[in-house]
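*Asks:* how would this look folded up:
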Amino acid sequence: MKIAVLVKQVPDTDLVKLDPETGTMIREDSGNIINPLDLHAIEASLRIKESMEATIIAFSMGPPAAEEALKEAIAMGIDNAYLICDRRFAGADTLATAIVLSKALKKFGPFDLILAGEKAVDGETGQVGPEIGALLGVPVFSYISKIIEITDHHIVVEREVEDGKEIWKSDLPSLLTLTKEVNEPRLPTLNMKKKARRLEIETLGCDFLELSDTNVGLKGSPTRVVKVSTPKIARDAVIYEGKELEKGIRKVIELLRPYLEENHEEAHMGNS
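*Replies:* Residues are numbered from 1 along each chain as shown. Sure thing, here's the model as predicted:
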């Protein structure tokens with residue numbers, strides 16, 4: 001079985017910054033980490049490999065620094081990885097990103113199974129995985145919380161929905177986006193970390209993927225962020241956070257107490 005895992009490097013959510021002019025994310029010096037939900041996709045692929053013969057390849061589209069996310073995937077046990085990196089890819093929306101990733105998957109495929117996290121914590125759209133499935137023409141199953149059964153020809157999964165869970169069976173190839181409930185990601189061993197550090201990650205550019213400049217990056221993105229603004233407090237206020245949070249809670253109680261006591265007295269008089 002041949003498995004592809006989609007991995008993204010994202011900024012630490014506490015340090016996210018946006019460029020007010022372009023509406024795009026500033027990724028430099030932002031404490032980048034591997035997308036937490038992608039760790040569950042990596043773990044799922046490794047568990048499949050433990051149960052049957054399989055080869056796992058990770059793909060990540062991003063700046064040169066995203067190589068670190070791929071090396072983390074290698075350290076966990078992934079067989080090989082490719083970084084999809086080109087300045088012409090900068091500013092891509094979900095569709096332009098999906099076009100690039102699907103082209104890479106076609107170059108190195110076909111794959112029996114494509115795994116991705118439910119969403120990336122920096123964008124929160126959950127669109128890239130399903131868009132790739134549509135571009136490749138394979139069945140897509142999102143919000144997967146359990147892989148029940150897998151063979152060389154089909155897969156059975158549990159899918160979370162608003163009013164419960166669904167059980168689906170699909171022929172392969174298929175694409176799954178996984179929730180955090182699907183598993184608990186393992187930690188890499190020291191030996192695997194050493195292996196990952198020594199490994200050279202191959203970089204794939206726009207020309208290698210035979211993509212036109214008009215289909216990638218900002219030029220190939222039909223959606224744009226037209227305005228970025230910071231919410232403003234309309235009246236004088238004091239913000240309590242961190243170690244001051246408990247103090248803030250007590251202050252809110254003090255402010256509300258007169259109203260609560262007044263309503264309590266009115267309710268008591270009404271009952272008497």
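*Asks:* and the spatially closest residue to Leu113 that is not a sequence neighbour, its phi and psi?
*Replies:* Distances taken as Cβ to Cβ, 6 or more residues apart in numbering place Ile3 nearest to Leu113, at 4.8 Å, with adjacent residues excluded. In this view, the C-beta of every residue, glycine as well, is placed from N, C-alpha and C. Here is the backbone geometry of Ile3 (degrees, to the nearest 10): phi -120, psi 130.
*Asks:* distance of Ile3 from Pro258?
*Replies:* Separation of Ile3 from Pro258 (Cβ to Cβ, to the nearest Å): 62 Å.
*Asks:* between the two, tell me which one has more neighbours.
*Replies:* Ile3 (22 against 9; other Cβ atoms under 10 Å).
*Asks:* buried sites along stretch 196-214?
*Replies:* By neighbour count on 16 or more other Cβ atoms under 10 Å, the buried set for stretch 196-214 is 196, 201, 204, 206, 209, 211.
*Asks:* residues contacting Met1?
*Replies:* Shown in contact with Met1 (Cβ atoms under 8 Å, 6 or more residues apart in numbering): 48, 52-55, 112-113, 152.
*Asks:* drop anything exposed from those.
*Replies:* The neighbour-count test (16+ other Cβ under 10 Å) marks 48, 54, 112-113 as buried among the contacts of Met1.
*Asks:* ok, longest strand in the chain?
*Replies:* Criterion DSSP state E: the longest strand present in the chain is strand 140-150.
*Asks:* list the buried residues of it.
*Replies:* Across strand 140-150, burial judged by 16+ other Cβ under 10 Å covers 140-147, 150.
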